[in-house]
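1. task: produce atomic coordinates for the following.
(chains A and B)
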2 protein chains.
Amino acid sequence: MKFCSHCAAPISIKIPADDSRERHVCDSCGSIHYFNPRNVVGSIPVFGNQVLLCRRAIEPRHGYWTLPAGFMELGESTSTGAARETHEEAGAVVQIGPLYSLLNVPHAEQVHLFYLASMNSPNFQAGEESLEVALFDERDIPWDEIAFPTVKQTLEWFFADRAAGVFDAGNEFSVRSRDILPTEKI
Amino acid sequence: MKFCSHCAAPISIKIPADDSRERHVCDSCGSIHYFNPRNVVGSIPVFGNQVLLCRRAIEPRHGYWTLPAGFMELGESTSTGAARETHEEAGAVVQIGPLYSLLNVPHAEQVHLFYLASMNSPNFQAGEESLEVALFDERDIPWDEIAFPTVKQTLEWFFADRAAGVFDAGNEFSVRSRDILPTEKI
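-> Below you'll find the model as predicted:
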């Protein structure tokens, strides 16, 4: 049983008159409570040839490595959210560049967006949600210990694109994008 | 006063122990109710040299023209949501192309994403939320009657990029992106 956040009466699941799909509708005040996918915003922090990763201090995937990222908050933009998460989780101040990847995770009701980001200095420190933070050369990336498919895919795209010269000055590139399947494992 | 959707007890606004910002927290069961920005997904449906616009039959901006777009729903991806909205509002079946624009609207707690889309035929019809739907040449775009700043900006970018050859075969281009200010009017 769910309750209306406006009047505390019970909620029914039904299709409103002017809608085509089931919603949470209050039996008493008629309020319709919508649920929509949430954005996870993060960055690919680059210093020289290295990429900054965080080892997670929280579930899910405690102990696994990730790019700094987290839920976008009210009142911020996707890029300011990516910079905020990078600072909170990795203690790094980055200059946010172009949007690099957009990965849909329909079964998790999430959209993951990663921005290219540059670090002016190798300064970082683990935030409360990280066990440790470190810069990695491509050859040292802990591929078997990456927390999420969206992070692994983004890193794979990034290193392939870098090798292909996609990031060379003056180039433009389309956002790398695909859907993550429920069956995908690391 | 707000109420907990899990147990119907009153909600307080406070900063949870392991958080840094105010949340809606249930006084009784302790549930934390998060609110995050929502995605509005849409397309730029192109047939030949023309772009398909819808005149809105609903508020806000009743009677004004827009690209087909709407709130992303649970269980879909950004691109399938864009195709769905295009079909619902404009009765058009489109082939979704690359992500073209991402506009943050922090004061509205929204992110607007528009995909390039191609129409194989000039078939369309007004859906329930549209008064009429029509294909426009660039010179006929009703610039003074565009519903939202994100749509106007996306159309401006689109025609400038098309004139500059950005969409020529084989080209890649970065997502056009900026934040919309609260003060922006059409």
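2. so what are the sheet partners of the strand of greatest length in chain A and their directions?
-> The longest strand of chain A (DSSP state E) is strand A:94-105. Paired strands of strand A:94-105, with direction, are strand A:110-119 (antiparallel), strand A:176-179 (parallel) (DSSP bridges).
3. quickly find the element holding A:Glu88.
-> helix A:78-90 (DSSP states H and E).
4. who are the packing partners of that helix?
-> strand A:38-47, strand A:50-56, strand A:69-71, strand A:94-105, strand A:110-119, strand A:130-136, strand B:94-105 (3 or more C-beta pairs under 8 Å, 6 or more residues apart in numbering or on different chains; DSSP states H and E). No exception for glycine: its C-beta is placed from N, CA and C like everyone else's.
5. that one vs strand A:110-119, what angle?
-> Relative orientation of helix A:78-90 versus strand A:110-119 (axes from the mean of the first three to the mean of the last three C-alpha atoms, to 10 degrees): 70 degrees.
6. does stretch A:61-72 reach chain B?
-> Yes: counting by C-beta under 8 Å from any C-beta of the partner chain, chain B has neighbours in stretch A:61-72: A:71-72.
7. check what contacts that stretch and list those residues.
-> Outside stretch A:61-72, the residues within contact range by C-beta atoms under 8 Å, 6 or more residues apart in numbering or on different chains are A:38-45, A:51-56, A:78, A:81-82, A:85-86, A:88-90, A:92, A:112, A:114, A:129, A:131, A:142, A:145-148, A:151, A:154-155, A:186, B:34, B:36-37, B:111.
8. re earlier: mean pLDDT and mean neighbour count added to the strands paired with strand A:94-105, as CSV?
-> Output for the strands paired with strand A:94-105, formatted as CSV (pLDDT from 0 to 100; neighbours: other C-beta atoms under 10 Å in any protein chain shown):
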stretch, mean pLDDT, mean neighbour count
strand A:110-119, 98, 23
strand A:176-179, 97, 17
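9. skip the chain neighbours and tell me the closest residue to the residue of chain A positioned farthest from its centre.
-> Centroid-distance maximum for chain A: A:Ser28 at 37.3 Å, with C-alpha atoms, centre = their mean. Using C-beta to C-beta, 6 or more residues apart in numbering or on different chains and skipping the chain neighbours, the partner closest in space to A:Ser28 is A:Ala9 (3.3 Å).
10. residues in contact with the one you found?
-> Here A:Ala9 is in contact with A:3, A:26-29 (C-beta under 8 Å, 6+ apart).
11. from the residues you listed, which is closest to B:Pro122?
-> A:Cys26 (43.0 Å; C-beta to C-beta).
12. quick check: the gap between that closest one and A:Cys7.
-> 6 Å (C-beta to C-beta, to the nearest Å).
13. quick check, central residue of chain A?
-> Note: chain A centre (C-alpha atoms, centre = their mean) maps to A:Val40, 3.2 Å.
14. quick check, pLDDT for it.
-> On the pLDDT scale, A:Val40 is placed at 98.
15. okay, and the beta partners of it?
-> A:Phe71, A:His112.
16. what do you get for A:Phe136?
-> Judged by DSSP bridges, the bridge partners of A:Phe136 are A:Val51.
17. that one: how many residues sit nearby?
-> Residues contacting A:Phe136 under the criterion other C-beta atoms under 10 Å in any protein chain shown number 15.
18. out of the contacts of A:Ala9, who has the most neighbours?
-> Busiest of the contacts of A:Ala9 [other C-beta under 10 Å] is A:Phe3, holding 22 neighbours.
19. hang on, that one packs against B:Phe3?
-> Yes: counting by C-beta atoms under 8 Å, B:Phe3 is a contact partner of A:Phe3 at 6.1 Å.
20. re earlier: which of the contacts of A:Ala9 sits closest to chain B?
-> Checking the contacts of A:Ala9 against chain B with C-beta to the nearest C-beta, the nearest one is A:Phe3 at 3.9 Å.
21. which ones are touching that closest one?
-> A:9-11, B:3-8.
22. got the domain ranges for chain A?
-> A:1-35, A:38-179 (automatic domain parsing).
23. which of those domains comes out lowest on mean pLDDT?
-> Minimum mean pLDDT among those: domain A:1-35, a mean of 92.
24. that domain spans what distance, first to last residue?
-> End-to-end distance for domain A:1-35: 16 Å, by C-alpha to C-alpha, to the nearest Å.
25. in it, what counts as buried?
-> A:2-5, A:7-9, A:11, A:23-26 (16 or more other C-beta atoms under 10 Å in any protein chain shown).
26. repeat for stretch A:178-186
-> A:Ile180.
27. what's that stretch in contact with?
-> A:64, A:103-108, A:144, A:146-150, A:152-153, B:77.
28. mind redoing it with 10 Å?
-> If you take C-beta atoms under 10 Å, 6 or more residues apart in numbering or on different chains as the criterion, stretch A:178-186 is touched by A:61, A:64, A:101-108, A:110, A:112, A:143-153, A:157, B:76-80.
29. could I have that stretch exported to CSV, CA atoms only?
-> Extracted C-alpha coordinates of stretch A:178-186, given in CSV (Å, rounded to 0.1, in the frame of the first residue of the first chain):
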residue,chain,number,x,y,z
ARG,A,178,23.8,2.7,-26.2
ASP,A,179,21.3,0.9,-23.9
ILE,A,180,22.5,-1.4,-21.2
LEU,A,181,20.7,-4.7,-21.1
PRO,A,182,19.4,-6.2,-17.8
THR,A,183,21.6,-9.3,-18.4
GLU,A,184,24.9,-7.4,-18.7
LYS,A,185,27.4,-8.2,-16.1
ILE,A,186,30.9,-6.8,-15.7
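30. roughly how far is that stretch from the heart of the chain?
-> Its chain's C-alpha centre and that of stretch A:178-186 lie 15 Å apart, by C-alpha atoms, centre = their mean, to the nearest Å.
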